[in-house]
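Colleague: sequence first, predicted model second:
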Amino acid sequence: MSDRSWAEPYKIKMVEPLRMTSRAEREQAIAEAGYNTFLLKSEDVYIDLLTDSGTNAMSDRQWAGMMLGDEAYAGSRNFYHLEQVCREYYGFKHVVPTHQGRGAEHMLSQLCINPGDSVPGNMYFTTTKLHQELAGGRFVDVIIDEAHDPDSEYPFKGNVDPNKLRALIAEVGAERVAYLSLETNVNMAGGQPCSLANIREVCTLCHEHGIKVFLDATRAIENAWFIKQREAEYGDRSVADILREMCSHADGATISAKKDGLVNIGGLLLLNEDELAERARNMVVVYEGLHTYGGLAGRDMEAMAIGITESAQDDHIRARVGQVEYLAERLLAADIPIVRPTGGHGVFINAAKFLPHIPREQFPAQALTAALYVDSGVRAMERGAVSSGRDIETGENVYPSLELIRLTIPRRVYTQAHMDVTAESIIALHENREQIVGLRFTYEPEQLRFFQARFEPAEGTRIFRAKAKQAAGV
Ligand code: F0G
């Protein structure tokens, strides 16, 4: 590898001005938002790292494609373009568009899960698991143990443990396993990839038992880039080539195109089997729209077709993952505790280690997102005890092994200087970490509480201890 710098394979043609706020304004905004970054107004945010979902910048070609939207109710030309692109890049025969990823998850779950079935998966994603459960399934985590250890340097922490899968098949019988739900670049593990050797092995294992495999290919292109970097025999292959090989082992895929797909809205259900695809097309007309638009405008499908094509280029994905790695390297150089290895879509900070003086009952990750926002206007997402919720039986808080904040990088949106500002803010907070105080609930919703919960500082009235106390060294 050359030691010369690389840069993005594009230049900026249009900008969106941001409102700059003062620290006092941000202190007020976060207090009004109940110390929950989900409740901040986007116009009060400077650098928005809440999610990489639907927050991507489209290219001039995508915007030009929007003008070519064929808004016919049936048989839009943009659908046929999208179908051709999906077949070319993902290789599945049938293409059913949906309004976003969870629309495809809903249909796949209803079509393939019988009540009481087990659905093995490599760690869960919130909406995927919920749809599997709503269809009567029982989610069983079969990811390798390394995925739960934030310090493990294992290069493919998204892998399925074939022994866990074999044990499940032996326990319930192959006919009670609905399918293997195989997520590429596992989001909740920190954007960690699966190896092609593992995909091949577990797909073969499933097929030997007559069990189908469906990918969550939402971030499959980022996964393909890691295979190219880390799996020796794939170093010379293109990302597009690797992507096709990944998909060639599976029976279908659900995709949220709001990530890899470089659009702001859209999803896909991709299938090989004719009969299953026919049932999916019958179902999409009930829940989403006709099978040639699936809840999307023609222009959205055109932007998606062009976005997928752009996303599967090596130069694009090198810059995309490279920017995430740049931020991670800056934080590592300052000894900030982050999940290793760096993932594809963001940097995850170990908040329990960052703020050891805040007990888990006072939600260190939630407190860190609030402090980061006040310090620099950067918005991150809590991924720890608040997101985990309460145990259904005991009603007690669940404290997962990972108490993290996620700095998720939208694609093609922010510059290296934005990453520097983010890193500098986190480093400054780390140097003064004892000043950050914990939080306690003032309002706690029953379902998915992280979205709308409200908090107050566990001591005093601010997220930082008062200045006088700092001077006194308290
Ligand atoms: N699968 C994965 C792996 C996801 O990360 C998401 C969404 C979905 C499915 C659902 O897709 O939002 O289009 O309905 N993840 C977003 C996030 C919300 O912030 O990580 P959707």
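Modeller: Ah, there it is. Residues are numbered from 1 along each chain as shown.
Colleague: who are the packing partners of whatever helix or strand Ile30 lives in?
Modeller: Assessed by DSSP states H and E, Ile30 sits inside helix 23-32. Secondary-structure packing of helix 23-32 (3 or more Cβ pairs under 8 Å, 6 or more residues apart in numbering; DSSP states H and E): helix 364-376. C-betas here are computed from N, CA, C, even on glycine.
Colleague: in the sheet, which strands lie alongside the next helix or strand after the helix holding Ile30, parallel or antiparallel?
Modeller: Using DSSP H and E, the helix or strand that directly follows helix 23-32 along the chain is strand 47-48. Sheet pairing for strand 47-48, assigned by DSSP bridges, gives strand 378-379 (parallel).
Colleague: avg pLDDT for the partner strand?
Modeller: Averaged across strand 378-379, pLDDT comes to 98.
Colleague: all strands of the stretch 51-200 of the chain, in order?
Modeller: 94-98, 118-121, 138-141, 180-183 (DSSP state E, counting those that start in this stretch).
Colleague: surely Met301 is within a strand?
Modeller: No - secondary structure assignment (DSSP: H, G, I helix; E, B strand; the rest coil) places Met301 in helix, not in a strand.
Colleague: that one and Leu111, how far apart?
Modeller: According to Cβ to Cβ, to the nearest Å, Met301 and Leu111 sit 22 Å apart.
Colleague: more crowded one of the two?
Modeller: Met301 (30 against 17; other Cβ atoms under 10 Å).
Colleague: correct me if wrong: that one contacts Asn78.
Modeller: Yes - in this structure Met301 lies within contact range of Asn78 using Cβ atoms under 8 Å: 4.1 Å.
Colleague: the strands of the stretch 51-200 of the chain: which one's closest to Leu205?
Modeller: In terms of Cβ to Cβ, the element of the strands of the stretch 51-200 of the chain nearest to Leu205 is strand 180-183, at 8.7 Å.
Colleague: would you mark the buried spots in that closest one?
Modeller: By 16 or more other Cβ atoms under 10 Å, the buried positions in strand 180-183 come out as Leu180, Ser181, Leu182, Glu183.
Colleague: check stretch 418-432 too.
Modeller: His418, Met419, Val421, Thr422, Ala423, Ser425, Ile426, Leu429, His430.
Colleague: bridging residues for the closest residue to the ligand within the stretch 301-450 of the chain?
Modeller: Using Cβ to the nearest ligand atom, the single residue of the stretch 301-450 of the chain nearest to the ligand is Thr408, 6.5 Å away. Per DSSP bridges, the residues bridged to Thr408 are Gly346.
Colleague: hang on, the earlier thing: what is in contact with Met301 and Asn78 at once?
Modeller: Among the neighbours of Met301, those also in contact with Asn78 (Cβ atoms under 8 Å, 6 or more residues apart in numbering) are Gly69.
Colleague: where do the domain boundaries of the chain fall?
Modeller: Domain assignment for the chain, taken from automatic domain parsing, gives 23-52+314-471, 60-311.
Colleague: out of these, which is the most enclosed?
Modeller: Counting by mean count of other Cβ atoms under 10 Å, domain 60-311 has the highest mean neighbour count of the domains of the chain, with a mean of 21.
Colleague: just to revisit the earlier point, make JSON lines out of the domains of the chain and add distance to Lys11.
Modeller: Below are those laid out as JSON lines (distance: least, Cβ to Cβ, whole Å):
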{"stretch": "domain 23-52+314-471", "distance to Lys11": "11"}
{"stretch": "domain 60-311", "distance to Lys11": "10"}
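Colleague: Lys13: which of those is closest?
Modeller: Comparing those by Cβ to Cβ, domain 60-311 comes nearest, at 6.1 Å.
Colleague: okay, how far is it across that closest one, tip to tip?
Modeller: 14 Å (Cα to Cα, to the nearest Å).
Colleague: filter the buried residues of stretch 418-432 by proximity to the ligand?
Modeller: The subset of the buried residues of stretch 418-432 within reach of the ligand, counting by Cβ under 6 Å from any ligand atom, is empty.
Colleague: quick check, nearest of these to Ala367?
Modeller: Among these, Leu429 lies closest to Ala367 (Cβ to Cβ), at 10.5 Å.
Colleague: touching, the closest one and Ala371? I think so.
Modeller: Yes - assessed by Cβ under 8 Å, Leu429 is found in contact with Ala371 at 5.7 Å.
Colleague: shared neighbours of those two, which are they?
Modeller: Ile436.
Colleague: return the helix holding Ile30 as CSV; C-alpha atoms alone will do.
Modeller: Extracted in CSV, the C-alpha atoms of helix 23-32 (Å, rounded to 0.1, in the frame of the first residue of the first chain):
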residue,chain,number,x,y,z
ARG,A,23,-22.5,26.5,24.0
ALA,A,24,-25.3,28.3,26.0
GLU,A,25,-27.8,27.6,23.2
ARG,A,26,-26.8,23.9,23.1
GLU,A,27,-27.1,23.6,26.9
GLN,A,28,-30.6,24.9,26.7
ALA,A,29,-31.5,22.7,23.6
ILE,A,30,-30.3,19.5,25.3
ALA,A,31,-32.1,20.3,28.5
GLU,A,32,-35.3,20.9,26.5
